[in-house]
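Engineer: any chance you could fold what I've pasted below:
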Amino acid sequence: EIGILAASTTGAISYQDATGFSIGVVNSTVGINTGGNTLTLQAAGAVTQAQGITASGLELLGSGTFNLNSVGTNDITTLAVNTTASVVYTDASGFDVGTVNATSGATVTGGNLTLRGTGAVTQSQKITATGLELLGNGPYTLTNASNNIATLAANTTGAISFTDVDGFSIGTVNATAGVTTTISNLTLQSGGAVTQTQKINAATLELLGTGSYTLLNASNDINTLAASTTGAVNFRDSTALIIGTVNATTGITTSGSDIVLQTGGTLTLSNAISAGIGNVTLNSGGSVTQGAGATITAAGLELLGAGPFTLTDAGNDVTTLAANTTTSVSFRDANALIVGTVNSTSGITTTGANVALQTGTTLTINNAVSLGVGNITLNSAGNVSQGVAGTITASGLELLGSGPFALTNAGNEIGILAASTTGAISYQDA
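Structural biologist: Numbers count the residues shown, from 1 in each chain. All right, here's what the predicted structure looks like:
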């Protein structure tokens, strides 16, 4: 039981205390320097520091808290932890979460682990903790597949890449709320569900692994999103968003799971979105566009929000389209298309704005198209037909392509009809 520990040796040090102590100054010795050897500290109480630690490896053990947060003074190569109380460690450069003596990785049972590195922080062994807080410059590459935490929070200037064995939440750890890495990349990979109670603020966001990802905080703000998951991706951004390339991941791909994107501003598809047998929902507060080759492949496509939506890539391939927007919709499909029900949206509704649909083969209108004073254009290389509920209400109806067109629902109601087709036309109006 001591108050202050100081050391300058050429050999390893292992010290255990019945309570807690401080790393400080004793006589003329300042801090701890093991001359390139390991330092093991074990305590039943709080361990703090007023001076720095220099060692090849730092091993922290026991039931006490460790607050080794002296900025710019600690310098180790490897950190290993096995405690039942929270640990805070700051390093003047970078370090690895690895093996020191008999301790592998960082296990904080029932407490939080805080890491602050001025340089690169990596891991060769797993991290297990209630909460993981990442601070400082980084970057942080914590991609051990056995990591297991409940909550992640970060405020760094460098990139973060984190992998977890099951699921976790973006939340609050100590004084840090959410994940902020404003000028860098954030990569999350998980074997289970990832949620959030606090915002994400990053230049780019990459989502990998099983998922699902439900990241719906209204204050999220990233520039570019890319994902490759087997589970659903549900992401909300407060401003503009680009679906693009982050690291080696291009666009958004799921293994038949739904994709939901909501933006406060524009939504730009620079790379493809593929949900397989899942649905894609685009809910935007601004214009939605797609670049060449940035195709949408899904069972259903649901368009919501302000728009307008200009999704006219010839490679788009969805089975069913539904929309409820305040502005125009222009959509092109490579083959057959059904105007039907996707999630809770049925048919196509705009607030007096135009709709243009182009298909490579058949076009079937199974649910109502209601545009008020807007015009609708149907451009099809195959049969165009409508079901019992598939009425068309618009100011003008324009028919293009080869058809033929069989629009004989008695509930149709338009003001003007115009057509230039190579196939037969049959039209009935109420």
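Engineer: which strand residues bridge V233?
Structural biologist: Y213, I259 (DSSP bridges).
Engineer: for it, what are its contacts?
Structural biologist: Residues in contact with V233 (C-beta atoms under 8 Å, 6 or more residues apart in numbering) are L207, G211, S212, Y213, A227, I252, T254, S257, D258, I259, V260. Where you see a C-beta, it was placed from the backbone N, CA and C, and this is true even at glycine.
Engineer: quick check, pLDDT for it.
Structural biologist: We have a pLDDT of 98 for V233.
Engineer: quick one: it from S190, how far?
Structural biologist: As judged by C-beta to C-beta, to the nearest Å, V233 and S190 stand 12 Å apart.
Engineer: so what's in contact with these two at the same time?
Structural biologist: Shared contacts of V233 and S190 (C-beta under 8 Å, 6+ apart): G211, Y213.
Engineer: and the two most separated of the contacts of V233?
Structural biologist: L207 and D258 (13.8 Å; C-beta to C-beta).
Engineer: neighbour-wise, which of the two wins?
Structural biologist: The residue with more neighbours, out of L207 and D258, is L207; 26 against 21, by other C-beta atoms under 10 Å.
Engineer: okay, and that one sits in which element?
Structural biologist: strand 200-209 (DSSP states H and E).
Engineer: pull up the pairing partners for that strand, direction included.
Structural biologist: For strand 200-209, pairing defined by DSSP bridges yields strand 179-190 (parallel), strand 221-229 (parallel).
Engineer: by mean pLDDT, show me the worst of these.
Structural biologist: With a mean of 95, strand 179-190 has the lowest mean pLDDT of those.
Engineer: mind checking what helix or strand follows that strand in sequence?
Structural biologist: strand 194-196.
Engineer: report all helices and strands that that following strand contacts.
Structural biologist: strand 168-170, strand 213-215 (3 or more C-beta pairs under 8 Å, 6 or more residues apart in numbering; DSSP states H and E).
Engineer: any chance of these in CSV, with mean pLDDT too?
Structural biologist: As requested, those are exported to CSV (pLDDT from 0 to 100):
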stretch, mean pLDDT
strand 168-170, 98
strand 213-215, 98
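Engineer: do you know which of those lies nearest A298?
Structural biologist: strand 213-215 (17.0 Å).
Engineer: run through who's touching the closest one.
Structural biologist: 170, 188, 190, 193-196, 200, 207, 227, 229, 231-236.
Engineer: can you check stretch 246-259 too?
Structural biologist: With C-beta under 8 Å, 6+ apart, stretch 246-259 has contacts from 185, 187, 204-206, 208, 211-212, 224-234, 243-245, 269, 271-281, 294, 298.
Engineer: what's the burial count for D313?
Structural biologist: There are 21 residues near D313, going by other C-beta under 10 Å.
Engineer: what sits against it?
Structural biologist: So, once contact is read as C-beta under 8 Å, 6+ apart, D313 ends up touching Q290, G291, A292, G293, A294, T295, I296, R332.
Engineer: out of those residues, who's nearest T143?
Structural biologist: A294 (28.4 Å).
Engineer: distance of the closest residue to E1 other than its chain neighbours from I32?
Structural biologist: The shortest distance from E1 to any non-neighbouring residue, by C-beta to C-beta, 6 or more residues apart in numbering, is to A18 (4.7 Å). Look at A18 and I32: by C-beta to C-beta, they are 19 Å apart.
Engineer: also T297?
Structural biologist: 59 Å.
Engineer: secondary structure element for A298?
Structural biologist: Per DSSP H and E: A298 is located in strand 296-305.
Engineer: which stretches in this structure count as helices?
Structural biologist: Taking DSSP state H as the criterion, the chain contains no helices.
Engineer: how about stretch 95-110 as CSV, C-alpha atoms only?
Structural biologist: C-alpha atoms of stretch 95-110 as CSV (Å, rounded to 0.1, in the frame of the first residue of the first chain):
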residue,chain,number,x,y,z
PHE,A,95,0.1,1.4,-29.7
ASP,A,96,-1.3,-2.1,-30.2
VAL,A,97,-3.9,-3.8,-28.0
GLY,A,98,-2.2,-7.1,-27.8
THR,A,99,-0.4,-9.5,-25.3
VAL,A,100,1.7,-8.6,-22.3
ASN,A,101,2.9,-11.4,-20.2
ALA,A,102,-0.1,-13.7,-19.6
THR,A,103,-2.7,-11.1,-20.5
SER,A,104,-4.1,-11.0,-24.0
GLY,A,105,-6.3,-8.2,-25.3
ALA,A,106,-8.3,-5.7,-23.2
THR,A,107,-11.1,-7.1,-21.0
VAL,A,108,-12.9,-4.6,-18.8
THR,A,109,-15.7,-6.6,-17.2
GLY,A,110,-18.6,-4.3,-16.3
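Engineer: buried stuff in stretch 237-254?
Structural biologist: 237-238, 240-244, 246, 249-254 (16 or more other C-beta atoms under 10 Å).
Engineer: same deal with stretch 57-74?
Structural biologist: Neighbour count says stretch 57-74 has 57-62, 64-68, 70, 73-74 buried, by 16+ other C-beta under 10 Å.
Engineer: try stretch 209-221
Structural biologist: Buried-residue list, stretch 209-221, by 16+ other C-beta under 10 Å: G209, T210, G211, S212, Y213, T214, L215, N217, N220, D221.
Engineer: from S219, how far out is the fifth one?
Structural biologist: According to C-beta to C-beta, Y213 and S219 sit 17 Å apart.
Engineer: many thanks, have a good one.
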